[in-house]
Structure formats: C-alpha cells, structure tokens
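Enquirer: just need the structure, nothing else, for what follows:
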Amino acid sequence: MKRSKIKDLLHADVPQDSVLVKGWVRTRRDAKDFSFIEVNDGSCLTNIQIVAGGGLDNFAEVKKVSLGTAVIVSGRMIRSAGKGQQWEVAAEKITLLSPAPESYPLQKKRHSDEFLRTIAHLRPRTNKYGAVFRIRSELAYAVHDFFRKKGFTYVHTPIITASDCEGAGEMFQVTALDLRRPPQKEDGATDFSLDFFGAPANLTVSGQLSAEMFALSLGDVYTFGPTFRAENSNTRRHAAEFWMVEPEMAFCDLGGNMDLAEETVKYLIGHILTACREDMELFIRFVDPSLGVKLENILSADFVRLRYESAVEVLEHCGQKFQYPAAFGADLQSEHERYLTEQHFKKPVMVYDYPAAIKPFYMRCNDDHKTVAAMDVLVPGIGEIIGGSQREERLDVLVSRMAEAGLSRENYWWYIDSRRFGSVEHSGFGLGFERLMMLLTGMANIRDVIPFPRTPGSIDF
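Expert: Numbers count the residues shown, from 1 in each chain. Prediction:
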C-alpha cells in the first residue's frame, strides 16, 4: 500500500477504508483499553490522531511508545469524535520502526531557541521549526515563480571566484595547497600560481558581477544561491553563509530598480500568507502577535522613497538618542533603519542616493559627483532587507572608481570589457533571503531561519 501524507489525509472529503501513515510520535495518552497517539510526518503542522485498541497484537508495546519513535500505521481513516479534528486513524497494525529512548531531547515542553540551536539536527521536529522550514521551502519556490512570471532568466553564478564584488576583503579563501607547507615566493608570500586555479580563489560574496554579464546579454536575469562573508559579526542579522536573491535588469534605471524591489517583497509576502496559512498562524499566535498586521501593512502601503540626505536630516532632528549618531557621510546603522520604519514612517522605506565614499565601485555616479544611484529597502523589525543600485555603465567612470577603490584592472578585465562592447544602463539588487524569512515569521535571529547556521565559532552539523 502506498504511504499517505498526513497533510493530504487531513484535507480528505470522505473516510477511507485503508490508509498507511508513516511518521514520528509527538504525544501519547492512554485510556483503559485504548492509546491515543499523535503522529506527525513533517508534511504539515497538524498531527493526526491514531487510535490504538487493545486488540492489536503488540498493544502492550504500543502503550509504552515514547516521543520521537518512528512508526508505521495501517488502518481505517474515520471521522473523529474528538474536538478540533475531523479525522483520525483506527489502527489495525502499528509497527515500531525505531524507538526513541527517554534521553530524547525534545520532550513535551517549551524549549528555548538557544537550546534548540545546540541540536539543530533535531529542531525541525518541533512545531515551530518544522513550520519555519516549510515556509522557507515555499518561499524559495515563490522566488522562482515570481521571476519566471516576469520573464527573467535564471542564471547559476559561480560559488568560487577571484572577484571581490563588495571590495571589502571579507572573503573566505579556497585553496588546495598544503597549509602546513604552502609554497612560497622569494619574498615569502604564498605562491598561488601553484594552487588549483593558479591564482587566489575565494567563496563568493555576491553573484552580482556575473549576473550583470548575463543581463547585458539576455536582458532580465536573476541568480539565487548561497553567498559568504568572512565578517566576524555576532549580531542577530548576520551569518557567514546566507542566501541571496539577485536580479539584474538591462535598460533599467534606479527608479525601475526600486519599483521591482517593492513588487518583489510584496509578491513574496502575499504568496506566503496565502500558501502557508496554517504555519503562519503559529507565528502570529505564539511568536509575534503583531505579525499579521505588520505584514498586511507592508502589502497595502506604498514604500516611502527618501534620499539619504533627507534620511540623515530626519534622524538628526528626531530627538531620539542613538548609540551611533547619524551624520552625513556615515552609513545608516540598524537602529537608524528601525527608527525610520517603525517610529517615524511606520512602514517600509527606500533610502537612495548614498554618498559615493561609502558605497562599492560598481554603483553609478550621480551628476553631483558626490553620491551614487544606490538604494536600500528598510522594513520594520529587520531594517535593511535589500541593497541595490543602478550600475556604472560608463567605461571611464568605472575605471576611475576602481582606481579610487584600489582594485586591480587586471583582475576585473572581463567586467571592464562589458563596458566596452554595447554597454547600456542597467540595475539590480540583492534581497537577503534569511532576512525576508525573519520578517515573515517574526523570528528574531537569523540563526533560526536557516537549517544549519554558520556563524563565527560555529561549524557543527
């Protein structure tokens, strides 16, 4: 007999004479001649109740079944007399596949997020984390669905690269050299010409530069994959390995880029609220009671568009005391972003036209020669969720900006080449996938919306 998923059984219209359920025991309670066992198979938040009668051959064994035990149940699906459930399974046979001992760490009590991070391999078995990762799966699908409907081409950009897109140097190095005895040049520096790629290689911080090349060939493209930052940061918003959604569009200026960014965020939120109703209800009830209103407000409100200079003025004159005072020429801090979105405007804010001095070389210089056509999307509860810009398409300006940043033209010859042959205005942005997950679920820490978080000092699992 084919296994039925619990999600499908719970949505059935009629009873079924024969079903096969496979899953893990969540709870068990006993009556005189019966055991009522809640089983979950991960397909949905809700368990299905198994009614085990005394007529089972192994009833004595079934009455001792412990939390976490893997079981196979065959029987009839009937209407339930109990409250809060339409269906239950009258068991005809229960096989105990793999009993869980009393030391099973997920007992029937509330566990802290901090504790569950220490058993990240087991936390998907809890209601909350099962819901987190079902939503994450659906959100990934929605990303592809959105861009496919918009006519974008999906591009797989390299994970291993020689380019530092952000120019900050916070990259993980990839090498096949023997680190105990690396080959050296006469000056004592490591000789990377003898390494696997014949040159220094790193894990990518962004697929942007590669995606730009395809936008200048195919028009509208996007990449969606893991990115890496060797930034020794232990904040709730940062991880060393995270996922980014990065569209790039030819013949698109900053205004068009901002339009797409707002449309993307709204589409993804709307999709999850519809497709993951049951799982989302858990977060609205138990994690953040204001979450539903917050998300509906994002969907219904036009995002504020605010020049960086104006944002700094708001922050300087708001009367709020910040840990890091706002000042023109300094990047906005998380506390500034949250003030703008949660207290001043009470909705998402797009800040644009940042000082050139604090932004990477590839962002288009504005006519004032002081700012660049950059934009960040800030949302309540998180702060920055998207960073993007119109890209610098003018060869002479790009080369000048690279020189100012101390970047080698030799290492970026192919990127410069794209500005020599049919260059056009183009734009793009990076959407932090985990930060969007935090926004959707109300989860306060990025470590809790990615299966196995990679942060400083943490490489378990």
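
Enquirer: the residue nearest to residue 8 when sequence neighbours are not counted: neighbour count?
Expert: Spatially, and ignoring its direct neighbours in sequence, residue 8 is nearest to residue 43 (7.6 Å; C-beta to C-beta, 6 or more residues apart in numbering). C-beta here means a position set from N, CA and C on the backbone, and glycine is covered the same way. Residue 43: 16 surrounding residues under other C-beta atoms under 10 Å.

Enquirer: what's the answer for residue 293, then?
Expert: 11.

Enquirer: list the residues that contact it.
Expert: By C-beta atoms under 8 Å, 6 or more residues apart in numbering, no residues touch residue 293.

Enquirer: quick one: it from residue 10, how far?
Expert: Distance from residue 293 to residue 10, counting by C-beta to C-beta, to the nearest Å: 28 Å.

Enquirer: is it true that the residue nearest to residue 8 touches residue 9?
Expert: No. Applying C-beta atoms under 8 Å as the test, residue 43 and residue 9 come out as separate, 9.3 Å apart.

Enquirer: in the chain, where is pLDDT below threshold?
Expert: 167-169 (pLDDT under 70).

Enquirer: ok, longest strand in it?
Expert: The single longest strand within the chain, with elements called by DSSP state E, is strand 16-30.

Enquirer: export that one as CSV, just CAs?
Expert: Written as CSV, here are the backbone C-alpha positions of strand 16-30 (Å, rounded to 0.1, in the frame of the first residue of the first chain):
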residue,chain,number,x,y,z
GLN,A,16,-11.0,5.8,3.7
ASP,A,17,-11.1,2.1,4.4
SER,A,18,-7.4,1.7,4.1
VAL,A,19,-4.5,4.2,4.8
LEU,A,20,-0.9,3.9,5.5
VAL,A,21,0.8,6.5,7.7
LYS,A,22,4.5,6.8,8.5
GLY,A,23,5.9,9.4,10.9
TRP,A,24,7.1,10.2,14.4
VAL,A,25,5.2,10.1,17.7
ARG,A,26,4.5,13.6,19.1
THR,A,27,2.4,12.6,22.1
ARG,A,28,0.6,9.6,23.6
ARG,A,29,-2.2,9.4,26.2
ASP,A,30,-3.8,6.2,27.5
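
Enquirer: residue numbering should commence at 730 henceforth.
Expert: Understood, numbering begins at 730; the last thing we discussed is strand 745-759.

Enquirer: following it, which helix or strand comes up?
Expert: Of the helices and strands lying after strand 745-759 in sequence (DSSP states H and E), the nearest is strand 763-769.

Enquirer: point out the other helices and strands that the very next helix or strand once past that next one packs with.
Expert: Moving toward the C-terminus from strand 763-769, the next helix or strand (DSSP H and E) is strand 777-782. Secondary-structure packing of strand 777-782 (3 or more C-beta pairs under 8 Å, 6 or more residues apart in numbering; DSSP states H and E): helix 735-739, strand 763-769, helix 788-791, strand 799-808, strand 816-827.

Enquirer: quick one: strand 777-782 to strand 816-827, angle?
Expert: 80 degrees (axes from the mean of the first three to the mean of the last three C-alpha atoms, to 10 degrees).

Enquirer: how far away from the center of its chain is strand 777-782?
Expert: Using C-alpha atoms, centre = their mean, to the nearest Å, the mean C-alpha position of strand 777-782 is found 37 Å from that of the whole chain.

Enquirer: if you count neighbours, what's buried in that strand?
Expert: For strand 777-782, burial by neighbour count (16 or more other C-beta atoms under 10 Å) applies to 777, 778, 779, 780, 781.

Enquirer: that strand to strand 799-808, inter-axis angle?
Expert: 90 degrees.

Enquirer: what strands line up against strand 777-782, and which way round?
Expert: Using DSSP bridges, the strands paired with strand 777-782 are strand 763-769 (antiparallel), strand 816-827 (parallel).

Enquirer: could you give the angle of it to strand 745-759?
Expert: In terms of direction (the same axes, to 10 degrees), strand 777-782 departs from strand 745-759 by 80 degrees.

Enquirer: give me the residues contacting strand 777-782.
Expert: With C-beta under 8 Å, 6+ apart, strand 777-782 has contacts from 735, 738-739, 750, 762-769, 788, 791-792, 800, 802, 804, 809, 811, 814, 816-820, 823.

Enquirer: find the centremost residue of this protein, please.
Expert: residue 1163 (2.4 Å; C-alpha atoms, centre = their mean).

Enquirer: circling back: let me know the closest of the buried residues of strand 777-782 to residue 1001.
Expert: Residue 1001 lies nearest to residue 777 out of the buried residues of strand 777-782, by C-beta to C-beta, at 24.3 Å.

Enquirer: quickly note the distance from the closest one to residue 757.
Expert: 13 Å.

Enquirer: overlap in contacts of these two?
Expert: Jointly contacting residue 777 and residue 757 under the rule C-beta under 8 Å, 6+ apart are residue 767.

Enquirer: list the buried ones in the longest strand of the chain?
Expert: Going by 16+ other C-beta under 10 Å, strand 745-759 has these buried residues: 748, 750, 751, 752, 753, 754, 755, 757.

Enquirer: and that strand, what other elements does it pack with?
Expert: Under the contact rule (3+ C-beta pairs under 8 Å, 6+ apart), strand 745-759 is packed against helix 735-739, strand 763-769, strand 799-808.

Enquirer: now, which of the buried residues of strand 745-759 sits nearest residue 1008?
Expert: Nearest member of the buried residues of strand 745-759 to residue 1008, counting by C-beta to C-beta, is residue 755, at 15.9 Å.

Enquirer: so what's the closest one up against?
Expert: With C-beta under 8 Å, 6+ apart, residue 755 has these contacts: 767, 768, 769, 776, 796, 837.

Enquirer: just among the residues you listed, which is most surrounded?
Expert: Top of those by neighbour count (other C-beta under 10 Å): residue 768, with 24 neighbours.

Enquirer: quick check: next helix or strand after the helix or strand where residue 1028 lies?
Expert: Using DSSP H and E, residue 1028 maps to helix 1020-1029. Scanning forward in sequence from helix 1020-1029 by DSSP H and E, the next helix or strand is strand 1033-1036.
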